[in-house]
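>>> The sequence isn't on hand, but the structure is:
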């Protein structure tokens, strides 16, 4: 029996090794824009890329729900964050932290959801304070408080929490 690499898999029912996963992994490595970065820089670049995509989903979803569908600001933000959380989980698990020890998917998603729940509270708290306490309810004010201040605070918390609790490295 031949030695099998981690990137190769047995073809079901045949007992032979399929080179397809190895080729797909090699192609993915060549297309990875962070392949030239080392260690922490690669992790930050990947986290930032996934975060930027999730931010587009979050801010775009918020504005669509709030201004096109005319839902309330907190409802719109909550729905947008839930959508962005799913995008962020898939990107984080499959790319940003792919090289780290992986928890079962259901456990990792639960931890990810808890961390993002705290981040949601940070973002919604900033938006609610700005809207209901300060009376700043223009589209610009809502975007600054919810999508800049709230997302900024949430991002700092998420990076620490993902690194520490959701996708921990070997200790």
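Here it is on my side, so go on. Since we're looking at a predicted model, the values are computed, not measured.

>>> any idea how far residue 117 is from the closest residue to residue 65 other than its chain neighbours?
Nearest non-adjacent residue to residue 65, counting by Cβ to Cβ, 6 or more residues apart in numbering: residue 76, 3.8 Å away. Where you see a C-beta, it was placed from the backbone N, CA and C, and this is true even at glycine. Distance of residue 76 to residue 117, given as Cβ to Cβ, to the nearest Å: 17 Å.

>>> Please say which of the two ends up with more neighbours.
Between residue 76 and residue 117, counted using other Cβ atoms under 10 Å, residue 76 has the larger neighbour count: 23 against 13.

>>> Tell me where the model's unsure across this structure.
The model of the chain has pLDDT under 70 over residues 1-33, 35-36, 39, 101-102, 169-171.

>>> Helices of that one, residue ranges please.
Ranges of helices in the chain, per DSSP state H, are 20-31, 39-63, 73-91, 105-128, 139-143, 150-161.

>>> and the angle for the last one with helix 39-63?
Spelled out, it's helix 150-161. Angle, helix 150-161 to helix 39-63, by axes from the mean of the first three to the mean of the last three Cα atoms, to 10 degrees: 140 degrees.

>>> Outside of helix 150-161 itself, list whatever touches it.
For helix 150-161, the surrounding residues in contact (Cβ atoms under 8 Å, 6 or more residues apart in numbering) are 47, 51, 55, 58-59, 115-116, 118-120, 122-127.

>>> if I pick the residue nearest the centre of the chain, what's in contact with it?
Closest residue to the average C-alpha location of the chain: residue 88 at 1.9 Å, with Cα atoms, centre = their mean. Listed by Cβ under 8 Å, 6+ apart, the contact set of residue 88 reads 50, 51, 53, 54, 112, 116.
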